[in-house]
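1. Based on what follows, work out the 3D shape:
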Amino acid sequence: MVTKQDWIDALESGQYEQGKFALKNNNEFCCLGVLCDLFVKEGIGEWEEDVNTNDDVEFIYEGVTFRGTIPSSIYTKFGLDTSIGDDTDTYVTLLNYLVTMNDVDGRSFKEIAEVIKEKLPDSVEPDSVKEK
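-> Numbers count the residues shown, from 1 in each chain. All right, here's what the predicted structure looks like:
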């Protein structure tokens, strides 16, 4: 079972090269791609080369292909749909905030891990994500 702490540890480990605008591109991962990779290592989902590009790798989960975001069942169970800030904030959900930090602001995985520690609910239910 992949946990919030597993994701934080992976982001802080230095084992992942950071990339942008795709879950996985060659050997680079966005912050959400790191989470997907943890699921792949648990046998939940898989990586498959995108035949239409030279670099992108797609995350396959329950027969559906994902390239730039993660399945709603995963982000919901991890609490990434949690609203942060008020109506005047640019960022509406934690998912959007993390993507912006990674892809637009160029924040490091360690900085992103700190936000996950602070803002991701501790009551996540990743055990309800289906194994395939």
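
2. can we go C-alpha only for contacts and neighbour counts from here?
-> Noted.

3. per-residue confidence averaged over the lengthiest strand in the chain?
-> If you go by DSSP state E, the chain has its longest strand at strand 56-61. The predicted model assigns strand 56-61 a mean pLDDT of 87.

4. Give me the next element, helix or strand, following that strand.
-> Next in sequence after strand 56-61, counting helices and strands by DSSP states H and E, comes strand 64-66.

5. In terms of secondary structure, what does the longest strand of the chain contact?
-> strand 24-25, strand 46-49, strand 64-66 (3 or more CA pairs under 8 Å, 6 or more residues apart in numbering; DSSP states H and E).

6. Ile116 contacts Ile8, doesn't it?
-> Yes: assessed by CA atoms under 8 Å, Ile116 is found in contact with Ile8 at 7.2 Å.

7. Check the helices and strands packed on strand 56-61 for me and report the most buried one.
-> Each of the helices and strands packed on strand 56-61 was assessed for mean neighbour count using mean count of other CA atoms under 10 Å. The highest is strand 24-25, with a mean of 25.

8. For that one, which strands pair with it and how are they oriented?
-> According to DSSP bridges, strand 24-25 forms sheet pairs with strand 28-29 (antiparallel), strand 56-61 (antiparallel).

9. quick one, which of the ones you listed is packed in tightest?
-> Of the strands paired with strand 24-25, strand 56-61 is the most buried (mean count of other CA under 10 Å), at a mean of 23.

10. what's the burial count for Glu62?
-> Number of residues near Glu62 (other CA atoms under 10 Å) recorded here: 12.

11. Next one: it from Glu42, what distance?
-> 14 Å (CA to CA, to the nearest Å).

12. quick one on the thing from earlier: can I get the helices and strands packed on strand 56-61 in a markdown table with distance to Tyr97 and mean pLDDT?
-> Formatted as a markdown table, the helices and strands packed on strand 56-61 follow (distance: least, CA to CA, whole Å; pLDDT from 0 to 100):
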| stretch | distance to Tyr97 | mean pLDDT |
| --- | --- | --- |
| strand 24-25 | 19 | 92 |
| strand 46-49 | 25 | 91 |
| strand 64-66 | 19 | 90 |
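
13. Cool, thanks, signing off.
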